[in-house]
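>>> next come a sequence and a model predicted from it.
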Amino acid sequence: MNEFVLCINNEGNPASLIVGKVYRKLPDPEAESRHMLRIIDEDMSEVDGYLYPASMFVPVELPEEAKRVLMTLDR
Amino acid sequence: MMPKFKILNEIREIETIASGRGVYIRRHLERTYGRGRWRKMKGIATVELPNGEICEAEIHWYEAHGIGRRDFKIKKVIQ
């Protein structure tokens, strides 16, 4: 299952993350146990994303249509 | 600005992953930090995670001559 999060803080990574933008979160229970999320950031050439502190994001629930569109952006 | 994880020692096993047009976020890097010959790099370092855990991790970053290393991020934690 895929989820989306909204970036609320890009401190340290202003080129890789844009505040106010929705990013896809990949399931990674191990990362989440460390208070981190696996995110597909602006560097979409990395299909398995990067680990970022969970505090840089908030979860968002998107309409199905928006989810479909954002999923098609994956490389 | 500091990343929200700390790199505790020298980065080792440094390799270039991409350069020139192969750097996917080149335009973001130029807009944020300035124009340069941006390269995407990777290496291994001891890091302190946001939860205080200290471990080895594969880290990636971007760098350009005259600008330096920017946008450090963790690719994976090495057990």
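On my side now, so go ahead.

>>> can you pull out the helices in chain B?
In chain B, the helices defined using DSSP state H lie at B:26-33.

>>> which residues of it lie near chain A?
Residues of chain B lying close to chain A by Cβ under 8 Å from any Cβ of the partner chain are B:1-5, B:18, B:24-25, B:28-29, B:31-33, B:40, B:49-51, B:53, B:60, B:62, B:70-77. Bear in mind the C-beta positions are built from the backbone N, C-alpha and C, glycine included.

>>> in the chain, where is pLDDT below threshold?
You didn't pick a chain, so chain A it is. Chain A contains residues with pLDDT under 70 at A:1-2, A:74-75.

>>> sorry, should have said chain B
For chain B (pLDDT under 70), the answer is B:1-3.

>>> if I look at the residue nearest the centre of it, how far off is A:M71?
Residue closest to the mean C-alpha point of chain B, counted by Cα atoms, centre = their mean, is B:W61 at 1.8 Å. According to Cβ to Cβ, to the nearest Å, B:W61 and A:M71 sit 28 Å apart.

>>> thanks a lot, see you next time.
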